[in-house]
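no FASTA, just this:
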């Protein structure tokens, strides 16, 4: 991992000072109340369909099945909402929210989050709806997908969503990386199991297997040069949130920078 500025050292102290792993886990499950009369920030995860079978469209892990859209859900979202309230002056909605692209109230949510999108499928109707959402000012963040095969699938889909626009690398000096916390690059956060096994490169889901370091930070920009779609590729910020209580070593090395990057992205999305 890179060495990060003093602001992140303060962040690590704030999140961990006087709190055991068990304390942090319990606190993260207790969502803060939204003060009366104050607008809430929502963090809305998109439910989507994926192609393939076991370990492609869905997983079996830790005693349960889940579809790829719900990777790290709901604990990652709960933890992030709790930490977002700690680290900013905003007041997030206390419960994780999920929506499908065709839901009638989709446009009520200015920020959408998609996780583990490497095998994602979108119907023609969903492609048209997502295009409409983005062109009307919505913001989409896709996280936790690995390798060039998964990237190529996402690129194929967005060639249909926004065919007139191309993906661009988001440079390390872009303001999105220091909206709240100063980061000199998008951190690469491996899933807890891959980190504990010491894999290098840390994680590969889909073949052909290509090198998955460093993390890639890419976006699709609107006419005002504002990113309206971002991809945090070859990194798993959501696992940094979900697994914060699974041992101090993981929390200190990965969760702190995962929260810093997540806070920066959400604050940028909601203020630009």
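Arrived safely, thanks for sending. Model, not experiment: these values are computed from the prediction. Numbers count the residues shown, from 1 in each chain.

what's the distance between residue 195 and residue 124?
Distance, residue 195 to residue 124, by C-beta to C-beta, to the nearest Å: 39 Å. C-betas here are computed from N, CA, C, even on glycine.

These two: which is more packed in?
Per other C-beta atoms under 10 Å, whichever of residue 195 and residue 124 has more neighbours is residue 195, with 22 against 8.

Show the pLDDT at that one.
Predicted confidence (pLDDT) at residue 195: the value is 78.

Please apply the same query to the one 5 residues further on.
At residue 200, the pLDDT value in this model is 58.

Setting aside sequence neighbours, what's the nearest residue to residue 192?
The spatial neighbour of residue 192 that comes closest, neighbours along the chain excluded (C-beta to C-beta, 6 or more residues apart in numbering), is residue 243 at 4.1 Å.

Tell me, how many residues neighbour the one you found?
As a burial measure, residue 243 scores 25 neighbours (other C-beta under 10 Å).

Check residue 223 too.
Residue 223 has 8 neighbours, counted by other C-beta under 10 Å.

repeat for the one 5 residues further on
For residue 228, the count of nearby residues is 22 (other C-beta under 10 Å).

which element follows the host helix or strand of it toward the C-terminus?
Using DSSP states H and E, residue 228 maps to strand 227-233. Sequence-wise, the next helix or strand downstream of strand 227-233 (DSSP H and E) is helix 237-242.

how about the helices in the stretch 1-150 of the chain?
6-16, 21-29, 75-87, 124-135, 147-161 (DSSP state H, counting those that start in this stretch).

Mind giving me the packing neighbours of the helix or strand hosting residue 268?
Using DSSP H and E, residue 268 maps to helix 256-271. If you count contacts as 3 or more C-beta pairs under 8 Å, 6 or more residues apart in numbering; DSSP states H and E, helix 256-271 packs onto helix 6-16, helix 75-87, strand 111-115, strand 139-143, strand 227-233, helix 237-242.

Quick one: name whatever helix or strand follows the last one.
Sequence order places helix 248-250 as the next helix or strand after helix 237-242, per DSSP H and E.

buried sites along that next one?
Neighbour-count burial for helix 248-250 flags residue 250 (criterion: 16 or more other C-beta atoms under 10 Å).

Output the below-cut-off pLDDT ranges for the stretch 51-200 of the chain.
For the stretch 51-200 of the chain, the stretches flagged by pLDDT under 70 are 197-200.

Now with 80, please.
55, 192-200 (pLDDT under 80).
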